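Q: A predicted structure for the sequence below; I have some questions about it.
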Amino acid sequence: MSEDTLTKPTESTTCCARTRQLAVVRPQFNTKQRDDSLEVGVALPGVKKEAIAVAYERGVLSISGERTHELKEGETLLRREINDVRFDLQLRVAETLDAENISAKFEDGILTLGMRVREEAKPRTIEIK
């Protein structure tokens, strides 16, 4: 590999990120269950909070957005290994969960969504008379 490989921009690395077709990926996620709630952690490294959309409709929770890297004026990209991507994840929400009160927070590249179990779906003890 010559020194030029790392220092000279190629045609594909100098193009604007907005003119390229973005790949669509499904982000990785973990789901944790507690006695009265469910928590979903979605890995979105390098994504800005403003670039994330979360929506709920007809029993489906949708997480979507983009991770892009824009060059500042005077910068030239010499090598690209971190690609711009569009992400999309759809999760079916069980009827036992309270979808009207979904919480969301974004910290350290992890989007955390919380849902509580609906009161009527919680196990209960029935008194025998």
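A: Cool, got the structure.
Q: now the strands: where do they sit in the chain?
A: 23-25, 29-33, 37-43, 52-57, 60-67, 85-92, 103-107, 110-116 (DSSP state E).
Q: by how many degrees do the fifth one and strand 52-57 diverge?
A: Using axes from the mean of the first three to the mean of the last three C-alpha atoms, to 10 degrees, the inter-axis angle of strand 60-67 relative to strand 52-57 is 160 degrees.
Q: which outside residues touch strand 60-67?
A: 22, 27, 40, 42, 44-47, 51-56, 84-93, 99, 102, 111, 113 (C-beta atoms under 8 Å, 6 or more residues apart in numbering). C-beta coordinates here come from the backbone N, C-alpha and C atoms, glycine included.
Q: Can you lay out the strands of the chain as a markdown table showing mean pLDDT?
A: Converted to a markdown table, the strands of the chain look like this (pLDDT from 0 to 100):
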| stretch | mean pLDDT |
| --- | --- |
| strand 23-25 | 90 |
| strand 29-33 | 94 |
| strand 37-43 | 95 |
| strand 52-57 | 96 |
| strand 60-67 | 94 |
| strand 85-92 | 94 |
| strand 103-107 | 97 |
| strand 110-116 | 96 |
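Q: So which bits of stretch 93-104 are buried?
A: 93, 97-99, 102 (16 or more other C-beta atoms under 10 Å).
Q: Mind putting the strands of the chain into TSV with distance to residue 79?
A: As requested, the strands of the chain are exported to TSV (distance: least, C-beta to C-beta, whole Å):
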stretch	distance to residue 79
strand 23-25	18
strand 29-33	30
strand 37-43	24
strand 52-57	27
strand 60-67	18
strand 85-92	17
strand 103-107	29
strand 110-116	28
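Q: I'd like to know which of the ones you listed is closest to residue 124.
A: Counting by C-beta to C-beta, residue 124 lies closest to strand 110-116 out of those; the figure is 15.5 Å.
Q: which residues sit in contact with residue 22?
A: 66, 68, 84-86.
Q: that older thread, can you pick out the most distant pair from the buried residues of stretch 93-104?
A: Using C-beta to C-beta, the two most remote members of these are 93 and 98, lying 9.4 Å apart.
Q: That's all I had, so thanks and see you.
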